[in-house]
Structure formats: structure tokens, C-alpha cells
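Student: Predicted model, plus sequence, below.
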Amino acid sequence: MNNIKLLTFSNQNSFGAMLQCYALSKVLTDLGHNVELLRIPIVKPEHGFIGNLTFRIGDLFFNIFRRNRLPHQVNLTDCQVNKDDIYIVGSDQVWNPDLTGDRALDYFFNFLPNHVKRISYAASFGTSEWPEKNIETGVRNCLNKFSAIGVRESSGVQICKEIFNVDATLTIDPTLLLDNYDALIIPETKPHKKTLVVFSLLKTTHEWLKLIQYIAKQTNTHPVMLSERRIHKGISYQPWVTVEKWLSQIANSTFVITNSFHGTVFAIIFKKQFIAMPAHTNRAGRIKHLLEMLGLETRYFKNMDVLYNSAGLLQEINYEDVFKKLSMLKLDSMKFLTNGLR
């Protein structure tokens, strides 16, 4: 049994961030380890009065999940570094300097003494190319002190080798390691309706609304938009949802439209028919890589025109084949994790 300090985005108001943190900490706890979350504050951008109010309301929902579902958090400034502790960084885009800003090197354990054991699990650079030239030397020095490096995308393996001259192992997102999420699913209290779950879009344009209605008609479902705060005719919306509600909506849906990585992950976990479209084209590699590993490339559409012209929109996903591939990836990733903790 080890005492583990886990560094990830445990304080970000993101459903994916919360659930990957929950999953990895639970996997580690189930393996018999003591887990504590290491918190490094990241300065959040200002979004004006309405935007800041929205974030404060979101804090209320996410803090409930942190308090009830996640391990104890300790700030970096209050952390006592013990030589026998193991430090893990990951998953999520913990190695994306666009997100971590002036704390980027901290997410490579720049603050740890040389003798302390450290590994990464499913760490993501967020993009297919390393963008931050001015900290390359610092990152390289940090990575050479890791005893095991696990990254989430094949592009991350390439970045580690070509930019930092270190070997990395491809590991799946920790949300895919858990056998089930029964503890988080809210039982349905009303008769089940065929629903089309739509993730909140960065910009809900007329074209997007038209596409949603088109897919709802094709799939004979009623569209429900998660975390949407505007009213749209013929579409139900839920402006504020807990992490458990977010997850349960996917679990109880018939079809899913998603533009996020973890939205794609949970559509797969719950064996839903789905389509994935990118919110940011420069970050689409995360979704495409996941789908390629599982033989689901046809569920990715780079734009609306491609989707409208596709004959495969309603093609049933063969989840028996998908989960055969996933079981092998899970086996390899768990082997990497357990070996890294020895």
C-alpha cells in the first residue's frame, strides 16, 4: 500500500475533469492505496458579471461532488513532501501549457526533490504539437526524473520522443478503467422516453439547432440540451446539472450528440448510439484517436455538411467488438499503472 499524491484538474468546473479524477482516484483506492489530491490553483479568466456569476453557480454543483465523491484535497503550498510518497500526474490536459499557464512546470513536478518517485498516467498535451518552446528545457529535465510516463494520445508519445527524448506508454483515459458507474447513476423516476442528449455547444447557432432537429427526427427522439441556458423551440434544456445528473442523462439516453472528449467516452461506456463533432478543430485529435483505437472512426464528423451527406448516421454500433478492443486496452493500461506503482 502506498500513499499517493494525485495531481490533476480536481478543482476545475468540468464534468470530464471531475469524472476522470473520480475514476483514477477510485481505481487507486480499490488497489489498496491511500490517495490525496494535490491542488495547484490556476487563475481563471474574467468573463464579465454574467459569466462570473455563472461560474459561481457552477461552483455550488461541482463542490458537492468534490466533497462527497473525491479524496481530500491539499494545496501545494501546504503539502508535506515525504520521501516514501508516490506522485502521479494525470489524466486530462495536465500537460497543456495553454491551460496551466505560468504553473505549467508544476504539472511536470518541477517542485519535487529528485529522490521522490513520480509517474504520469494518461497525461494529455491537448494538441498534436508541442506549443511552448520557452519551457522545453525545463520540461525535459522534469520528465527525465519520471520512473514511468503514460500519455493518453499517440501524439503525446510522439511529442515525448521527438521533443523531450523520453519514452512514453500509451494509456487509456482513467474513466475507461472503471467497470461501472452504478454508484453515480440516478434512477429514473418517470417512464423512460427516447431522448437525444446534446452537449452544450460553444455557440448555439441556427445551423446547429437545425442539425439537432434533423437528427431528432431521424432517430425519433426528443432533444435535451445539457448545460444550455437559452430556450429553443422544440428542445428541452437543463441549465444547471450536477455531475451525477450529467452522467445519468447520458446513461438513460437513446442517442448522443457530443463535441467533447469525455462526452464521447461516456457515450461509449454506456453503449449509446452517438456522433462526435469537434468543438475546437485543433483539439479534435483527442476524440479521433480514441475512436480510432476502438474502431469507431465512422462516428466522427468534422463538420455538418459531412454529417448531412453521411449514410452511416443511423448505422448501429457493434459494441461487442468495441468492448473486445477496450478490454485489451484496459488490461495494458492497468498493467502499466500497477507496475509503475511498485
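Tutor: It's in.
Student: Leu105 and Thr77, how far apart?
Tutor: 16 Å (Cβ to Cβ, to the nearest Å). Using the backbone N, CA and C atoms, a C-beta is placed for each residue, glycine as well.
Student: which one of these two has more residues nearby?
Tutor: Leu105 (16 against 8; other Cβ atoms under 10 Å).
Student: does the closest residue to the more buried one other than its chain neighbours belong to a helix or a strand, and which?
Tutor: Spatial nearest neighbour of Leu105, chain neighbours left out: Gly138 (5.1 Å); criterion: Cβ to Cβ, 6 or more residues apart in numbering. Assessed by DSSP states H and E, Gly138 sits inside helix 136-143.
Student: Please spell out which residues along that helix are buried.
Tutor: By neighbour count on 16 or more other Cβ atoms under 10 Å, the buried set for helix 136-143 is 139, 142-143.
Student: Tell me which residues are up against it.
Tutor: Residues outside helix 136-143 that contact it (Cβ atoms under 8 Å, 6 or more residues apart in numbering): 104-105, 108-110, 130, 149, 160, 163-166.
Student: Which of the residues you listed sits closest to Pro71?
Tutor: Taking Cβ to Cβ as the measure, Phe109 is the one of the contacts of helix 136-143 closest to Pro71, at 18.6 Å.
Student: sec struct for the closest residue to the closest one other than its chain neighbours, please.
Tutor: Closest residue to Phe109 apart from its sequence neighbours, by Cβ to Cβ, 6+ apart: Arg118 at 4.9 Å. The three-state assignment at Arg118 reads strand, by DSSP: H, G, I helix; E, B strand; the rest coil.
Student: Contacts only, for the nearest residue to Phe111 once chain neighbours are set aside.
Tutor: Nearest residue to Phe111, sequence neighbours excluded (Cβ to Cβ, 6+ apart): Leu76, at 6.9 Å. Counting by Cβ under 8 Å, 6+ apart, Leu76 makes contact with 38-40, 106, 111.
Student: Roughly how far does Leu76 sit from Asn141?
Tutor: 19 Å.
Student: cool, Asn11 as well?
Tutor: 27 Å.
Student: Ok, Arg103 next?
Tutor: In terms of Cβ to Cβ, Arg103 sits 17 Å off from Asn141.
Student: what does Gln158 give?
Tutor: Taken as Cβ to Cβ, the span from Gln158 to Asn141 is 20 Å.
Student: Please apply the same query to Cys160.
Tutor: 14 Å.
Student: Run through the chain and note the low-pLDDT ranges.
Tutor: 42-58, 189-192, 200-204, 228-229, 279-283 (pLDDT under 70).
Student: in it, which spans are strands?
Tutor: For the chain, applying DSSP state E gives strands covering 3-7, 34-39, 73-75, 86-89, 117-123, 148-151, 169-170, 195-199, 222-226, 236-238, 255-258, 273-276.
Student: Highest mean neighbour count across the ones you listed, which stretch is it?
Tutor: strand 117-123 (a mean of 26; mean count of other Cβ atoms under 10 Å).
Student: Serialize the contacts of Leu76 to JSON lines and add fields for distance to Leu19.
Tutor: Output for the contacts of Leu76, formatted as JSON lines (distance: Cβ to Cβ, whole Å):
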{"residue": "Leu38", "distance to Leu19": "18"}
{"residue": "Arg39", "distance to Leu19": "18"}
{"residue": "Ile40", "distance to Leu19": "20"}
{"residue": "Asp106", "distance to Leu19": "23"}
{"residue": "Phe111", "distance to Leu19": "27"}
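Student: Val224: which of the residues you listed is nearest?
Tutor: Checking the contacts of Leu76 against Val224 by Cβ to Cβ gives Arg39 as the nearest, at 33.2 Å.
Student: related to what we said a few turns ago, reformat the buried residues of helix 136-143 into CSV and put distance to Thr171 next to each item.
Tutor: Listed next are the buried residues of helix 136-143 as CSV, based on distance: Cβ to Cβ, whole Å:
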residue, distance to Thr171
Val139, 19
Cys142, 19
Leu143, 16
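Student: Looking at the residues you listed, which is nearest Phe301?
Tutor: Closest to Phe301, out of all of the buried residues of helix 136-143 and judged by Cβ to Cβ, is Val139, at 34.3 Å.
Student: how close does that closest one get to Val81?
Tutor: For Val139 relative to Val81 (Cβ to Cβ), the value is 20 Å.
Student: I'd like to know how many residues surround Ala267.
Tutor: 26.
Student: Who are the contact partners of it?
Tutor: 250, 256, 258, 274, 276.
Student: Ok, Ile212 next?
Tutor: Counted by Cβ under 8 Å, 6+ apart, Ile212 has contacts 196, 198, 223, 225, 235, 257.
Student: so how far is Gly101 from it?
Tutor: Distance from Ile212 to Gly101, by Cβ to Cβ: 35 Å.
Student: repeat for Lys245
Tutor: 31 Å.
Student: So these two - more neighbours on which side?
Tutor: Shown here are Lys245 and Gly101; by other Cβ under 10 Å, Lys245 has more neighbours (16 against 9).
Student: My guess is that one contacts Ile185. True?
Tutor: No. With contact defined as Cβ atoms under 8 Å, Lys245 does not count as touching Ile185 (9.9 Å).
Student: and for these two, which residues touch both?
Tutor: Counting by Cβ under 8 Å, 6+ apart, nothing touches both Lys245 and Ile185.
Student: Nearest residue to Leu177 in space, please, no chain neighbours.
Tutor: Leu177's closest residue in space is Val27 (Cβ to Cβ, 6+ apart), at 5.1 Å.
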